Structures are given as structure tokens and as C-alpha cells.
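Chemist: please work out how this folds:
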Amino acid sequence: QLQLVESGGGLVQPGGSLNLSCAASGFTLEYYAIGWIRQAPGKEREGVSCMPSSGGVTNYADSVKGRFTISRDNAKNTLYLQMNSLKPEDTAVYYCAVDWGCGYYASDTTLMKYQGKGTLVTVSS
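Modeler: You can find the predicted model right below:
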């Protein structure tokens, strides 16, 4: 049974950093594209980033480009999202996701087939 479990969310001050993790089980992560999605209070889900299984281009939403970095450790079957220079508008529930491939745009990440249950990130002073 494919399962994704996020961790690492919490409260952080503006300008701070957080590193989200997502532990995958029930499948081999290295064969899948990985992604992160977020949903701010009262807003629709937003695709944050997607990384293909091998080669290809990693995409990022314009709102996080240069501040967030997606990565994977296939040996640990885990994906990550390093978030730096956090802003109050980054406050959201963050979901990890996997699928066979990435869409052309980061916004397509919301369509990824398998998604976790989310972890809350709050950026506030």
C-alpha cells in the first residue's frame, strides 16, 4: 500500500527556514516524480515544485523560486522541501506528492496522483 507521511512543519518567524520531509512506503521512490503542493487558509491548492525521477527539469512556482529547494534521497525513500527566507504568505498546509511524471508547469503538481495528508507551516512573528 503506497503511503506518504509528511513531517517538519511548525511555527517559524519571517526570514526563517524549515526543512520538510516526506517518508514514502509501499513503493520504490526512485522510479517516481516527486512534488510538493500547498494550500493556504481560504485558498485553492497551489503547486510548489516537481522533480522528475531522473534527468529532466525541476520546476518551481514563481512565488518560491530561489527560496525553496526540492530534493530526494532514494536510499531513504524520502523527499524533502528546504524552505528559506520564509514569508507570512508561505503559511499553508504542505503536501508531498508522487506520480509517474511532472507536468510542464509547477501548477500541474496539484494533479499528481498520490498525495500525503499534509503538515502545517505557519510563518509569523
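Chemist: ok, and the closest non-adjacent residue to residue 36?
Modeler: Distance criterion CB to CB, 6 or more residues apart in numbering; nearest residue to residue 36, sequence neighbours excluded, is residue 48 at 4.3 Å. Any C-beta I mention is one placed from the backbone N, CA and C, and that applies to glycine too.
Chemist: and for residue 24?
Modeler: residue 77 (4.8 Å).
Chemist: what's the answer for residue 22, then?
Modeler: Residue 22's closest residue in space is residue 96 (CB to CB, 6+ apart), at 3.4 Å.
Chemist: now for the strand or helix carrying that neighbour, which elements pack on it?
Modeler: Per DSSP states H and E: residue 96 is located in strand 92-99. Packing partners of strand 92-99 (3 or more CB pairs under 8 Å, 6 or more residues apart in numbering; DSSP states H and E): strand 3-7, strand 18-25, strand 33-39, strand 45-51, strand 78-83, strand 114-115, strand 119-123.
Chemist: list the pairing partners of it within its sheet, with orientation.
Modeler: Its sheet considered, strand 92-99 pairs with strand 33-39 (antiparallel), strand 114-115 (antiparallel), strand 119-123 (antiparallel) by DSSP bridges.
Chemist: which of those strands sits closest to residue 86?
Modeler: Nearest to residue 86, of all the strands paired with strand 92-99, is strand 119-123, at 4.6 Å by CB to CB.
Chemist: ok, and what's touching the closest one?
Modeler: For strand 119-123, contacts defined as CB atoms under 8 Å, 6 or more residues apart in numbering pick out 6-14, 16, 18, 20, 38, 83, 86-94.
Chemist: what's the angle between it and strand 3-7?
Modeler: Using axes from the mean of the first three to the mean of the last three CA atoms, to 10 degrees, the inter-axis angle of strand 119-123 relative to strand 3-7 is 30 degrees.
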